[in-house]
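Enquirer: build me a model:
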Amino acid sequence: MDPVTVGIIGFACIIVLLAVRVPIAFAMAGISVICTFLFYAMRTGTFMPERAIRPTVSLIHGNTYDLIHSYELSMIPLFVFLGHIAFRTGMTSDIYAAARLWLARIPGGVAMASVIGCGGFSAITGSSIACASAMGRICAPEMLRLGYDPRLATSSVAVGGTLGSLIPPSVLFIIYGIFTETSINQLFLAGVLPGLLTLFGFLVVIFIWVYRDPAAGPAPKDDVSAEDRKKALLHTWPALLLFVIIIGGIYGGLFTATEAAAISVAVTLLISLFRKAISMDDFIQSIKETCIQTSQIFFIAAGAKMFVGFIALTGMSGDLVSLIDPQTTPVWLFLLALVAIYIALGMFLDPLGIMVLTLPFMVPMVELYGLDLIWFGVVVIKLLEIGLITPPVGLNVFVIGNVIDNKVPVAKIFAGVSRFLVMDIIVLALIVIFPIISLLMPTTMQ
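Expert: Here you go, the predicted model:
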């Protein structure tokens, strides 16, 4: 059987398995192994399984061994653990508390503080869903209590949670860097300005929303003194220190992203012990949750590595590239098709699954057009971020619905999110049209 035909059949089988809710790690690994075995077994035209055992085992062993022994992969458990420790010691909620007091007198200020708090949480944890879950428990109930429009109270946290995909340290950037063999240091820095631009855009949406409908975000009547604001701001120093270590250290060339992760974990533990903010139970629970989340990510990455090996074997990506002629298909048309594909997939699949499923095909085409892989990484992560709040799946929307015990219908949350989606599209367009937004920091790093 023609190798490309085997590849197409295998890819179609993976899509079918995902449609019936088979975990993507098992779908990609299982189909890659089965199709590789059949490819070698039928290579001579007759079924000879003894010819397929060795190369199939090589696919499993070689790809997973190289992945698990990747130095960069050690960042994932470190940053996941950092996020759990920072959350349990209150470092992440301190950012929201400070923003909440400083913006107390502004209509819609609590919603703005929620977005800023999500940005701060993202700068420590790097996980969008974890950010939405943690901040949703804190922010959404308070806004509902203060009389906020339920759409604004829930959607502001749902979209704020997506910042975890773009603002470093991002797990998605780490996986992207490993699979495309690009610098994770540069990817982290490339996400800073687009992430801050997105955060600012969300604040603008809230301002316009409340300006046009003051009842949607009434200003709290609490009297906050200047002393309270100063104290709250001072309490944010651990979170700011971690951000400086991660971004400042990488930008200044003091250490790599992996070293920044290790140093950040050590500093967080020392601060937690000094402030007596963590118990042994919290520490053990953080380790357990880190192991669970890391195992899930590693299984997906291992399945994706096998899938990449299988696609390389069939030559599918090469045939796909040969169908595209840059002379007749302009780059803007390619980018428009790419945006449409990622947004469509984002309606049904989780971000990590989309990325590992599409990169083996997209990266060769990006290289064909001579586009920068660092910039392309930011575009992809931004599209995956949009997918987190796009119906009908919109993972962050359902996370917020669950953490508030479905007090606000999911349809209402999506209605609120639609306003922020417009801003997301505007920011995406700016990132595509002006690559310097993503490439400024990586090109000027030490």
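
Enquirer: for the stretch 51-200 of the chain, which segments count as helices?
Expert: Per DSSP state H, counting those that start in this stretch, the stretch 51-200 of the chain carries helices over the ranges 53-68, 75-88, 91-102, 109-125, 128-145, 150-161, 163-166, 171-180, 184-190, 192-212.

Enquirer: restricting to C-alpha, output the first one in CSV.
Expert: Coordinates of the C-alpha atoms in helix 53-68 are reproduced here as CSV (Å, rounded to 0.1, in the frame of the first residue of the first chain):
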residue,chain,number,x,y,z
ILE,A,53,8.1,-6.2,14.8
ARG,A,54,11.5,-4.6,15.0
PRO,A,55,10.7,-1.3,13.2
THR,A,56,7.5,-0.9,15.2
VAL,A,57,9.3,-1.4,18.5
SER,A,58,12.0,1.0,17.3
LEU,A,59,9.2,3.6,16.7
ILE,A,60,7.9,3.2,20.2
HIS,A,61,11.2,3.1,22.0
GLY,A,62,13.2,5.6,20.0
ASN,A,63,10.6,8.4,20.0
THR,A,64,9.6,8.0,23.7
TYR,A,65,13.2,7.6,24.9
ASP,A,66,14.3,10.8,23.1
LEU,A,67,11.4,12.7,24.5
ILE,A,68,11.6,11.6,28.1
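
Enquirer: from the contact counts, what lies against it?
Expert: helix 24-41, helix 280-314 (3 or more CB pairs under 8 Å, 6 or more residues apart in numbering; DSSP states H and E). From N, CA and C alone the C-beta is placed, and that goes for glycine too.

Enquirer: can you list the low-confidence ranges for the stretch 201-350 of the chain?
Expert: Scanning the stretch 201-350 of the chain for pLDDT under 70 picks out 221-222.

Enquirer: repeat the analysis, applying 50 as the threshold.
Expert: Residues of the stretch 201-350 of the chain meeting the criterion pLDDT under 50: none.

Enquirer: for T329, find the nearest of the helices of the stretch 51-200 of the chain.
Expert: helix 171-180 (21.9 Å; CB to CB).

Enquirer: next one: phi and psi at G108?
Expert: The phi/psi pair for G108 (degrees, to the nearest 10) reads phi 80, psi 10.

Enquirer: who are the contact partners of the spatially most central residue of the chain?
Expert: The residue lying closest to the centre of the chain (CA atoms, centre = their mean) is S165, at 2.8 Å. Counting by CB atoms under 8 Å, 6 or more residues apart in numbering, S165 makes contact with 128, 172, 351, 381-382, 384-385, 388.

Enquirer: the residues you listed in helices, which ones?
Expert: 128, 172, 351, 381-382, 384-385 (DSSP state H).

Enquirer: so which of those is the closest to T328?
Expert: K382 (27.6 Å).

Enquirer: name the nearest residue to the residue nearest to the centre of the chain, ignoring sequence neighbours.
Expert: Of all residues not flanking S165 in the chain, E385 sits nearest, at 4.3 Å (CB to CB, 6 or more residues apart in numbering).

Enquirer: quick one on the thing from earlier: filter the ones in helices among the contacts of S165 down to the buried ones.
Expert: Listed as buried from these are 128, 172, 351, 381-382, 384-385; burial here means 16 or more other CB atoms under 10 Å.

Enquirer: closest to P77 among those residues?
Expert: L172 (15.6 Å).

Enquirer: so who does that closest one touch?
Expert: With CB under 8 Å, 6+ apart, L172 has these contacts: 165, 351-352, 355, 381, 384.

Enquirer: which single one of the residues you listed is nearest to T268?
Expert: Nearest member of these to T268, counting by CB to CB, is S165, at 21.6 Å.

Enquirer: re earlier: most widely separated two among the contacts of S165?
Expert: Of all pairs in those, the most separated under CB to CB is S128 and K382 at 12.0 Å.

Enquirer: and the pLDDT at A190?
Expert: On pLDDT, A190 comes in at 94.

Enquirer: near the closest residue in space to it that isn't next to it in sequence, how many other residues are there?
Expert: Using CB to CB, 6+ apart and skipping the chain neighbours, the partner closest in space to A190 is S438 (4.5 Å). Neighbours of S438 under the rule other CB atoms under 10 Å: 29.

Enquirer: ditto for S225
Expert: 9.

Enquirer: ditto for T294
Expert: Around T294 there are 18 residues (other CB under 10 Å).

Enquirer: and the residue lying closest to it once chain neighbours are set aside, how many neighbours does it have?
Expert: Leaving aside its sequence neighbours, T294 sits nearest to P77 (CB to CB, 6+ apart; 4.4 Å). P77 sits with 19 neighbouring residues when counted by other CB under 10 Å.

Enquirer: got the contact list for P77?
Expert: 290-291, 294.

Enquirer: turn those residues into TSV, including distance to G161.
Expert: Converted to TSV, the contacts of P77 look like this (distance: CB to CB, whole Å):
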residue	distance to G161
T290	19
C291	23
T294	20
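
Enquirer: between these, which is nearest A216?
Expert: Of the contacts of P77, the one sitting nearest to A216 (CB to CB) turns out to be T290, at 38.4 Å.

Enquirer: thought that closest one was touching F81?
Expert: Yes. In this structure T290 lies within contact range of F81 using CB atoms under 8 Å: 4.3 Å.

Enquirer: neighbour count winner among these two?
Expert: F81 (24 against 20).

Enquirer: relative to S133, how far out is the more buried one?
Expert: 17 Å (CB to CB, to the nearest Å).

Enquirer: cool, and F179?
Expert: 26 Å.

Enquirer: got it, and A260?
Expert: 25 Å.

Enquirer: neighbour count for the two, which is higher?
Expert: Between A260 and S133, counting by other CB under 10 Å, A260 is the more crowded of the two (25 against 18).

Enquirer: dump the residue contacts of that one.
Expert: Per CB under 8 Å, 6+ apart, neighbours of A260: 169, 245-246, 249-250.

Enquirer: which of those tops the neighbour count?
Expert: Result: P169 is most packed of the contacts of A260 (other CB under 10 Å), 32 neighbours.

Enquirer: quick check, pLDDT for it.
Expert: pLDDT at P169 comes out at 84.

Enquirer: got phi/psi on it?
Expert: phi -80, psi 130.

Enquirer: contacts only, for it.
Expert: With CB under 8 Å, 6+ apart, P169 has these contacts: 75, 79, 123-126, 188, 246, 257, 260-261.

Enquirer: so which of these wins on neighbours?
Expert: Result: G126 is most packed of the contacts of P169 (other CB under 10 Å), 30 neighbours.

Enquirer: got the angle for the host helix or strand of L270 vs helix 75-88?
Expert: If you go by DSSP states H and E, L270 is part of helix 257-274. Here the directions of helix 257-274 and helix 75-88 differ by 30 degrees (axes from the mean of the first three to the mean of the last three CA atoms, to 10 degrees).
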